[in-house]
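**Student:** with the input below, show me the fold.
(2 chains)
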Amino acid sequence: MIESGIETGMAGEKKPEGWNRPPVIVPDGEGDLLEVAMGPHHPSTHGVFRMDVALDGERVIRLKPVFGYLHRNHEKIAEGISYLGSMPFTDRLDYMCPLTNNWAYALAVEKLVGQAVPERAEYLRVILGELTRFQNHAGSIGFLTQEMGASGTPLMYAFREREKILDLFEWLTGARMMCNYMRFGGCRVDATADWLEATRKVVAGLPGFVDEFEQLLRGNEILMARTQGVGILRRELAINAGVTGPMLRASGVDYDIRKVDGYGIYNRFNFRVPLGDHGDVYDRFMIRLLEMRESLKILEQALKEIPGGPVMDPKAKIRGFRPKPGEAYGRIESPKGELGFYLISDGSPNPYRYRVRPPSLINLTILEDMVLGQNVADVVVIFGSVDIVLGEVDR
Amino acid sequence: MLGEGILKGLAETARNFVGSYFSAERLTTVQYPEQRIAPIEATRDFPFLVYDGADWEAGLRCVACQICEKECPPKCIYIEKSTDKKPDALGKPQFYPARFDIDISVCMSCQICVEVCPFEAIKMDTEFELSTTDRFGGLLYDRKELAKSNEHYHKIHPTEAAAVDAHLAGEKAKADSKAKAAVAAAAAKAAASAAPPAGGGV
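**Tutor:** Now for the predicted structure:
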């Protein structure tokens, strides 16, 4: 054991065992492996997340993801409070896209009690869901480029557009990120004609932004060199690991819950599901870019067709909500993948079991398979291409 | 040609940079403490208690029913019910909160207290510059700090406040007409009992 020359702490103080342990060097036949803890406060982790990496020179031999630093006991808290009380907590799962989280939870409870949703509320949900998807994808591409060293320019461009969308959210729901907008049986407040007009105006400006973004990034040689052939996720592995969302589609699997499940009113809209070919980081980047365009298509149709009427079922209950005993699983295609809520009711005002199926966590489980054999500098890029939010991973 | 993509991207950033000198749309940020963006009407952050009239203590609409305390997801509201009653806006004797505390360091601005309140007594404020050096007492608001006038509510959320006022006026009119009807009914009953029974009524 190597003795460290650095003295810390008070003289004579009893040190915990192994306090002066040098980085572990694992003997391995040919050479030595170096163990590095990337995180939990590494500048390129999207939150408090640690990757314990074993390196052979520059190559990654092992990677162990360590999470749980942001665990907030969401599921157990939800079992102790009313169904409505969990709604604001769902905002805080994936804080980049609160409205899709609201939607998934509302969908699960509506399934549990057999609650119908008025037409106008369905349209509003689609509009808000697609705006959320747009800003999430723009943001995630921005973060991905930042992790390659593009210090902020694409991210700031993305955030400039995100700001317009968040202003719309604030106008309608009262909050930029913690919206708490959807209710069991509709939406909390109605959108005014002014809001719809402003949304149309913002949506009309977004294709120009996507063009600009593409012009900025798509053909960039540095981006291509850093992403093409990096972090390949094979189709079979993606399916077996339960990966969903843009990551799965980048590996060439045609699986979009908006198409296969047709929840809400998605079967009324005309849009396509972009698919990747190689399953590398570049494909994931392109899939997100193309999905932004498809989201705009849905938005244009929804904003044109939105009918009048109530946004809340008048028979829906806010207080004293007690579903009959039973269980339900509601799932949606959130910007990151399949977001599902599984509820069991025992007839009391609180759910007996409340479970979140988080896309971020499940997409993260195959991180090691993607980074093995890659350079350590690519770990960060591959990690960024998974597009996770730690609030959802740890719950 | 190698580097073409990079040059294209640089042209895009140059366009944005030069454009920011000519088009206000490309200049999206403001210098915060000096310049401020006009607040959006629906904005919410922390709850406050609405009172009518000039005296905050007498005019509080809250009747200490404790529904918000029960429904609050992070449980940041603490209410103590009074032992005596005082008349509310409709003239009905009601309890009032002897103590009403909100710990805004716990509050997550979800607006559920506002939604469940049947008396339109608690509403969301828009004040956000609330930093203090006292992290315990300074962030625990009692009912005096929480009480704000109906005029303040009208100032921050004009549309919503107008709807609430109309709703309350409707309630009051209904209660008034009910009371009048009750008075009339009582008078009629008194008159009927005073008058000799006109046959029947065995």
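
**Student:** where do the strands of chain B begin and end?
**Tutor:** Secondary structure of chain B (DSSP state E): strands at B:47-51, B:77-81, B:86-87, B:93-94, B:97-103, B:122-124, B:140-141, B:147-149.

**Student:** of all the ones you listed, which one comes closest to chain A?
**Tutor:** strand B:122-124 (7.1 Å; C-beta to the nearest C-beta). Backbone N, C-alpha and C define where each C-beta goes, glycine included.

**Student:** the closest one pairs with which strands, and in what direction?
**Tutor:** Strand B:122-124 has its sheet partners listed here by DSSP bridges as strand B:47-51 (antiparallel).

**Student:** Throw the strands of chain B into CSV and include mean neighbour count and mean pLDDT, thanks.
**Tutor:** Output for the strands of chain B, formatted as CSV (neighbours: other C-beta atoms under 10 Å in any protein chain shown; pLDDT from 0 to 100):
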stretch, mean neighbour count, mean pLDDT
strand B:47-51, 24, 88
strand B:77-81, 17, 88
strand B:86-87, 12, 77
strand B:93-94, 14, 79
strand B:97-103, 19, 87
strand B:122-124, 23, 89
strand B:140-141, 20, 88
strand B:147-149, 18, 86
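
**Student:** can you list those in CSV and add distance to B:Leu10?
**Tutor:** Listed next are the strands of chain B as CSV, based on distance: least, C-beta to C-beta, whole Å:
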stretch, distance to B:Leu10
strand B:47-51, 50
strand B:77-81, 55
strand B:86-87, 71
strand B:93-94, 69
strand B:97-103, 51
strand B:122-124, 46
strand B:140-141, 52
strand B:147-149, 53
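
**Student:** contacting residues for B:Cys110?
**Tutor:** Taking C-beta atoms under 8 Å, 6 or more residues apart in numbering or on different chains as the criterion, B:Cys110 is in contact with A:87-88, A:91, A:178, A:180, B:73.

**Student:** which of the residues you listed fall in helices?
**Tutor:** A:87-88, A:91 (DSSP state H).

**Student:** which among the residues you listed gets closest to B:Phe46?
**Tutor:** In terms of C-beta to C-beta, no member of these lies closer to B:Phe46 than A:Pro88, at 13.8 Å.

**Student:** and that closest one, what does it touch?
**Tutor:** A:Pro88 neighbours (C-beta under 8 Å, 6+ apart): A:178, A:180, B:73, B:108, B:110, B:112.

**Student:** now it: how far from A:Arg353?
**Tutor:** Relative to A:Arg353, A:Pro88 is positioned 20 Å away (C-beta to C-beta, to the nearest Å).

**Student:** what pairs with the residue nearest the centre of chain B across the strands?
**Tutor:** Centroid-nearest residue in chain B: B:Lys123, 1.0 Å away (criterion: C-alpha atoms, centre = their mean). Here B:Lys123 sits in beta bridges with B:Phe48, going by DSSP bridges.

**Student:** that one: what's it in contact with?
**Tutor:** Neighbouring residues of B:Lys123 by C-beta under 8 Å, 6+ apart: B:47-48, B:50, B:114, B:153, B:157, B:160, B:164.

**Student:** thinking again about what came up before, who wins on neighbours among the contacts of A:Pro88?
**Tutor:** A:Asn180 (27 neighbours; other C-beta atoms under 10 Å in any protein chain shown).

**Student:** wait, doesn't it sit right on A:Arg92?
**Tutor:** No: here A:Asn180 does not reach A:Arg92: they are 10.0 Å apart, not a contact under C-beta atoms under 8 Å.
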